[in-house]
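A.B. asks: Take a look and give me a structure for this.
(5 chains)
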Amino acid sequence: MTTGIVRDRSEKLGFPPGSLIFVGEQKTDNVVLTVSNYDVEHFEEKTAASIEDCLSYRDLPSTTWIHVCGLHRPDIIESLGSCYGIHHLFLEDILNTAQRPKMEDLEDGLFIVMKAFTLSGDETTAAEQVSFILGENYVISLQEGNDDIFEPVRSRLRSSRGRIRSLGPDYLLYALMDTVVDHYFSVLEVLGERIGVLEDELLVDHTQETMPQIHRLRRELLFLKKTIWPLREVISAMLRSETGLIRQTTQFYIRDLYDHVIQVVDSLENYRELTSALLEIYLSSVSNRMNEVMKVLTIIATIFIPITFIAGVYGMNFEFMPELKWRWGYALVWGVMIAMIVAMLNYFRKKKWL
Amino acid sequence: MTTGIVRDRSEKLGFPPGSLIFVGEQKTDNVVLTVSNYDVEHFEEKTAASIEDCLSYRDLPSTTWIHVCGLHRPDIIESLGSCYGIHHLFLEDILNTAQRPKMEDLEDGLFIVMKAFTLSGDETTAAEQVSFILGENYVISLQEGNDDIFEPVRSRLRSSRGRIRSLGPDYLLYALMDTVVDHYFSVLEVLGERIGVLEDELLVDHTQETMPQIHRLRRELLFLKKTIWPLREVISAMLRSETGLIRQTTQFYIRDLYDHVIQVVDSLENYRELTSALLEIYLSSVSNRMNEVMKVLTIIATIFIPITFIAGVYGMNFEFMPELKWRWGYALVWGVMIAMIVAMLNYFRKKKWL
Amino acid sequence: MTTGIVRDRSEKLGFPPGSLIFVGEQKTDNVVLTVSNYDVEHFEEKTAASIEDCLSYRDLPSTTWIHVCGLHRPDIIESLGSCYGIHHLFLEDILNTAQRPKMEDLEDGLFIVMKAFTLSGDETTAAEQVSFILGENYVISLQEGNDDIFEPVRSRLRSSRGRIRSLGPDYLLYALMDTVVDHYFSVLEVLGERIGVLEDELLVDHTQETMPQIHRLRRELLFLKKTIWPLREVISAMLRSETGLIRQTTQFYIRDLYDHVIQVVDSLENYRELTSALLEIYLSSVSNRMNEVMKVLTIIATIFIPITFIAGVYGMNFEFMPELKWRWGYALVWGVMIAMIVAMLNYFRKKKWL
Amino acid sequence: MTTGIVRDRSEKLGFPPGSLIFVGEQKTDNVVLTVSNYDVEHFEEKTAASIEDCLSYRDLPSTTWIHVCGLHRPDIIESLGSCYGIHHLFLEDILNTAQRPKMEDLEDGLFIVMKAFTLSGDETTAAEQVSFILGENYVISLQEGNDDIFEPVRSRLRSSRGRIRSLGPDYLLYALMDTVVDHYFSVLEVLGERIGVLEDELLVDHTQETMPQIHRLRRELLFLKKTIWPLREVISAMLRSETGLIRQTTQFYIRDLYDHVIQVVDSLENYRELTSALLEIYLSSVSNRMNEVMKVLTIIATIFIPITFIAGVYGMNFEFMPELKWRWGYALVWGVMIAMIVAMLNYFRKKKWL
Amino acid sequence: MTTGIVRDRSEKLGFPPGSLIFVGEQKTDNVVLTVSNYDVEHFEEKTAASIEDCLSYRDLPSTTWIHVCGLHRPDIIESLGSCYGIHHLFLEDILNTAQRPKMEDLEDGLFIVMKAFTLSGDETTAAEQVSFILGENYVISLQEGNDDIFEPVRSRLRSSRGRIRSLGPDYLLYALMDTVVDHYFSVLEVLGERIGVLEDELLVDHTQETMPQIHRLRRELLFLKKTIWPLREVISAMLRSETGLIRQTTQFYIRDLYDHVIQVVDSLENYRELTSALLEIYLSSVSNRMNEVMKVLTIIATIFIPITFIAGVYGMNFEFMPELKWRWGYALVWGVMIAMIVAMLNYFRKKKWL
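C.D. replies: Residues are numbered from 1 along each chain as shown, chains lettered A, B, ... in the order given. All right, here's what the predicted structure looks like:
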């Protein structure tokens, strides 16, 4: 997870607005188009489709869903765009993987950009940009990565599980966005566990690694916040949209989606507060350890410095030092020194330093 | 009290929206339905009722209150839902015990989710989800736990104490929610006492346990805030609701309830500020103790290091050291050393270190 | 001054809403009713009045002011309430001395709750709840304590000083609230002086008592903020009230009152910032003192440890140590040691530690 | 610059609202009235004028400007007020030098209170209250101090420089307020320089005086903020005023003035952030110095304590200590000790402590 | 990059409003006017033009773009202003290089002020003020510096690349502002890299330079925030402008520009949080190093002080000290001392200090 937004953007400096430049990581994989067409009764699916395939479904009354995996071929995106009449500024936004989540009303459609997160095996999170275009009878979805995150939705379409086949393209859009938002909860769960582990560790003790770990956590929370906060506006703008593309029944579901996003945002805020709390525990733990170190030093020094002084006194070479000749002088000095040690230890015990 | 929201949620990943899955703790207790039916003149009550019992009251003009204790049997909730025509998305919210408090206008009803807190004997707080559905002539309440928290309301109904029998289902809803909110005050009281105790302890001294205690306090306040803040919107949305189910007279009471929630939220804010203050007192107390430790070390070292040096000088074995032969050399050295000690002590007294 | 809100509230748990329970401190003093009736030409006053006295004035066209000192007799409040037709929920608010300041439009009146502060001789502040009910031709004021804080207003009424006799019950309400708000300024003055004194002390040095004093200050400011902030809404709600009870001329004065409350709130914000600043000065003063302690230790140790080592060297008992036999060995060693001390002192002076 | 607001206010406790009491510093200087009357063609000026002089201009169609220097004679303010029909509550605000900046619509005029700052020779800032009353054909300005801050405006009027003579009383009001706001920039400049100087000093080192200086800065910024923030509302209220006294052409200038105030407020915010940054630099500088002190102590102690121990060992008086008899024993011990010193120094160099 | 706003402003004190005074750095370079006139078919360009040149294009239907490099000749600005009928207050804003970004509706135009940033070779950023006046058929742009930052736009005009020649003056204005905003991304990138470098350094260790670097970063972020935040309002005011000068098609592009500014502001907020995080890492790193220093001291002292004491004991000169005569006394003492060292080291290892 990186916050690489700015680095990417500046590569575009000097190009006229609306230039189609993919700013993400260049890959050699193919860009894969998957076209599905369905209504209540039938379902048709074409993987590894061409632009021409897409075009052939455009004017059918049944719902068409075109899913594009991979954004590193601007030419494909451009021909798709011109085929469905999408303004070049939106194509630019699709390709600009540093785009902030947003929604725009097209004349006869909705354009939505958001970020998806996927967890790989070792619990690291990868972010990728996902864009949607909703038309009268189609949904186009474009994702940055190559692992199709919408496969579960397609399988529901195939098997006609749930209401999805009967509720048109706006419900499909909802189902896709809901899939993305559901993944946010997994990311939150992983983060929550990392916070919990750090917390448990810290209340015992801190290590060299604690501060970098807290800092990484904060960076990730900052990035998530930046990515997810604008989604609230995106979804509430969808609800207020005047295109009429989002029907009453679907609005109901989208309000539910809005609710989930609010819940994610709430949890993020929560995590940020917990992370600040972690930092404070860490700092107090550093101070406490210092305290402990100093206490050990003080106890040792306070016990031995005075008795070392006494030993030093009787190491002096004055000719006239009567104590040196006493029969029990040596024993007496030991007695005094032990008494001093006992007194000091009592003092420390009273001060609760021991 | 845990903030386990995220953990629970992610179990639902991959299910289509509206799937009825109970995400809370699984229990073996029965789900208990209690049905009450009343108007000004009569009161009827059936505990351990079946769905069919519920159904039989549905079309009576008198007020019906169905209370469900325990959410771990989705099938029961589902049949209840289909009996009263509740949308599956709301049933999903009822079962999702990690749901954020919210209110939704149904076509002919209100749907409300909130959290209830109960104090057990040892002053630990348990949170459970409570949902309400208000219809023309009925209230359905569902709680996660098995201890019926609404027994006092039922007993008021039974004995016809107060206005409750004469004011219809909206007033009943108010009475139930008021019961939940009243419990918030008990939780606040316990928290307030814990803050007070910590404060008194801290102004004297801190222990190993102080920091974890402050941290637990903060977590609980965070959780409470997250749980109770949305309630303000919930209740003000009830007041603005256009279903007409909440009559003028009841609105009056609900405004009072709103007032109470504001008061709870105010107190929570207060507690959060006091908890930050606690943390600052704690940190300053750590610094102060360090200061004290260092002062002891400095006083001891500053007194004994110089005189130990003097003793060291006269422990040297030079052949020509005239002082060693003086008659009063030894006494003189003691004199010098005592003078130095006195001077140091005076210095420390002037510096107010003693 | 305590923040005892929560403790008080929870005593009411389990009672149906609208139960009249006095949650403040129980007292044995009588509840004193004072009834005044006046218009431009006449003024009549009855102290220690009964409910019947109040009733007799109810339908007169002249302005009636009923002032109740003491809230610990719910029965008296209740009969007064039923006599003037006040809803039992408002009576509950009057008795609930933990009530947040608020204003409510009654059908034919205004209901206002706020907090008054009085300074006793030793500059401690006592808070008490004050409630007002404004009707067509009357004002009822109720205060928690027994010392009538509105005596100055009554004396102005008696002597017909200012415009008060000619401007009706809404102006009277204004005059009473203005008296309460004027006392806020006294409390602020005392707090301001305490902050100033602490500031002066702290810029010199801190003591054991500093931190608890700062903490007490913060608690009091928190309490004041919680008590006074809602007053802004209360007064601006009065200005927007649609009952028509507050006439144009009085609105003018109430805007002035609003202004004063804003000024109090501004000062409170100011004080809170100054108190945070105090805390920072305190913490930096703790660090500085630590620095000073460490400097003394370091100077002493750095000077004496090396020369003690030298003394130690010539205290060794090797048979072959040529220096020991030198005529000027001892003097040389002293020379070296003094040179080291001088060098160290110069170093410390250069570092500005001396 | 003091924040003496609260102290002043409480002197008014007990007086009925609208009492004219001057709460500022009492002076023996005269209150000076200067009356100017002008239109495009003529300009007339009368210094040290009487109330009667003011009255004689009241009904002329040309613009009259009455400027009052000094507020310590309530009787003069009162007669001026009654002469121009100003409500006693406004007169009270004029005299109450602790008044928050505000604007009020009079029936046929505008009333404005704000604070002016003047820099004296030694760069200390003095605040004084300035009030304005704008009528159909007149402006009355009242300032607390005795040094006429509006002399530059009068001289522009005299010499007919700029547009001022042709644009009526609303433009005059603008010109006066603009003069006051222009002075804010001077104050900001002085503060900015003080912050810059402190910053430069702190990045080198701190002194005893640093903390009090930072604290003074913060207090002054707090005071400025409190004084200048409300001005935004004042000016935007002027722009929205419905009296029609501020004509279209002047609105244009007042929007410019608004802009300047926003700029001042922005700079203040900036300064507050820089001052917090100063505090953090200060605290880190204190920590750093402590670190340095401790490093010196540790280096000295770590080098000398072990070798002192060695010297101590060979100072023991055991009869059988073979090393003592070795020919090169003494030289060997020195060798070991020097080796240890070198090793330690290398260790410290590796740790970058040297 | 400096925050010199206040310094500059105060030079204008005493001048009547609307005086044309250039407050920036005085330069000796010429002020260069470049006039371009174009429509879809033709493009004409005149560098180093005179005011008369500008005038001659004024009434042509094709679009005219006048670009002024350098603001240090108020007379030129003034004649340009009078030629195009620009109000002197706007001319004042153009020359006042400390002007806050703003937009104003002229009667028949738009006036916009903003800040441009340019990166020089060594990655230092220079800020300069840029103003735009949009009329029916012209755009006037004025920049403070002498390096024409709009050359890329002119070259696009020349070569007729993109849509720029066909979309009129409002699109030209958009293209110019877009160029300025694109440069913000470069500045952000440089800042982001500096933050990243500091972060990496700090997680290893800090140096003398760290704190000043963090502080410089904060000052720059403060300055950027102050400069860029108001731009949001500027652009959204452009979108709401009622002059009709910004046509539907261009609004679309300006919304995109707005989006970019939001993205810049988001990143700035992000950076500010990261910089605070840096400070916290720095402070914790200072504490940690202190901890380490203290640990070294404590370990050394705790090991050697006790055994030095033992050596001291057997350096005493008592006549009767039986151990001194033992055959293996010396060896035994060494044994005890080594045992103590081992015990201490074990203790430290258990405490994880080693």
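A.B. asks: Show the contacting residues for A:Leu80.
C.D. replies: Residues in contact with A:Leu80 (CB atoms under 8 Å, 6 or more residues apart in numbering or on different chains) are A:33, A:51, A:54, A:66, A:68, A:86, A:140. C-betas here are computed from N, CA, C, even on glycine.
A.B. asks: now do A:Arg218
C.D. replies: Residues near A:Arg218 by CB under 8 Å, 6+ apart: A:272, A:275, E:273, E:277.
A.B. asks: Most neighbours among the residues you listed, which one is it?
C.D. replies: For these, the largest number of neighbours (other CB atoms under 10 Å in any protein chain shown) sits with A:Thr275, at 22 neighbours.
A.B. asks: Work out for me the element the residue in chain A positioned nearest to chain B sits within.
C.D. replies: With distances taken as CB to the nearest CB, chain A approaches chain B most closely at A:Gly312, which sits 3.4 Å away. Taking DSSP states H and E as the definition, A:Gly312 sits inside helix A:248-313.
A.B. asks: chain center to that helix, what's the gap?
C.D. replies: In terms of CA atoms, centre = their mean, to the nearest Å, the centre of helix A:248-313 is found 21 Å from the chain centre.
A.B. asks: ok, of the contacts of A:Leu80, which one's closest to chain D?
C.D. replies: A:Ile86 (40.7 Å).
A.B. asks: ok, the nearest residue to the closest one once chain neighbours are set aside - contacts?
C.D. replies: Nearest-residue entry for A:Ile86: A:Ile133, 6.2 Å, with adjacent residues in sequence omitted and distances by CB to CB, 6 or more residues apart in numbering or on different chains. By CB under 8 Å, 6+ apart, the contact set of A:Ile133 is A:84, A:86, A:90, A:106, A:109-112, A:139-140.
A.B. asks: burial of whichever residue of the stretch 201-350 of chain A sits closest to chain D, as a residue count?
C.D. replies: Of all residues in the stretch 201-350 of chain A, A:Gly315 sits closest to chain D, with a separation of 6.7 Å (CB to the nearest CB). Taking other CB under 10 Å as the criterion, the count of residues near A:Gly315 is 26.
A.B. asks: which ones are touching it?
C.D. replies: With contacts defined as CB under 8 Å, 6+ apart, the neighbours of A:Gly315 are B:311-312, B:315, C:315, D:315, E:312, E:315-317.
A.B. asks: which stretch of helix or strand covers it?
C.D. replies: Per DSSP H and E, A:Gly315 falls between elements, in no helix or strand.
A.B. asks: burial of the residue of chain A found nearest chain E, as a residue count?
C.D. replies: Closest approach between chain A and chain E, counting by CB to the nearest CB: A:Ala311, at 3.4 Å. A:Ala311: 24 surrounding residues under other CB under 10 Å.
A.B. asks: re the thing from before, so the residue of chain A closest to chain B sits right up against B:Ala311, yeah?
C.D. replies: Yes - with contact taken as CB atoms under 8 Å, A:Gly312 and B:Ala311 are classed as touching, separated by 3.4 Å.
A.B. asks: Just give the nearest non-adjacent residue to A:Leu332, would you?
C.D. replies: Spatial nearest neighbour of A:Leu332, chain neighbours left out: A:Trp326 (7.2 Å); criterion: CB to CB, 6+ apart.
A.B. asks: circling back to that earlier point, so what's the residue of chain A closest to chain E up against?
C.D. replies: The contact partners of A:Ala311, taken as CB under 8 Å, 6+ apart, are A:333, A:337, E:309, E:312-313, E:315-316.
A.B. asks: For these, which two are the farthest from each other?
C.D. replies: Farthest pair in the contacts of A:Ala311 (CB to CB) is A:Met337 and E:Gly315. Separation: 14.0 Å.
A.B. asks: isn't A:Arg154 right next to A:Glu45, touching?
C.D. replies: Yes - using CB under 8 Å as the test, A:Arg154 is close enough to A:Glu45 to be in contact (7.3 Å).
A.B. asks: Which of these two has more residues huddled nearby?
C.D. replies: Taking neighbours as other CB under 10 Å, A:Arg154 and A:Glu45 compare with A:Arg154 leading, 20 against 14.
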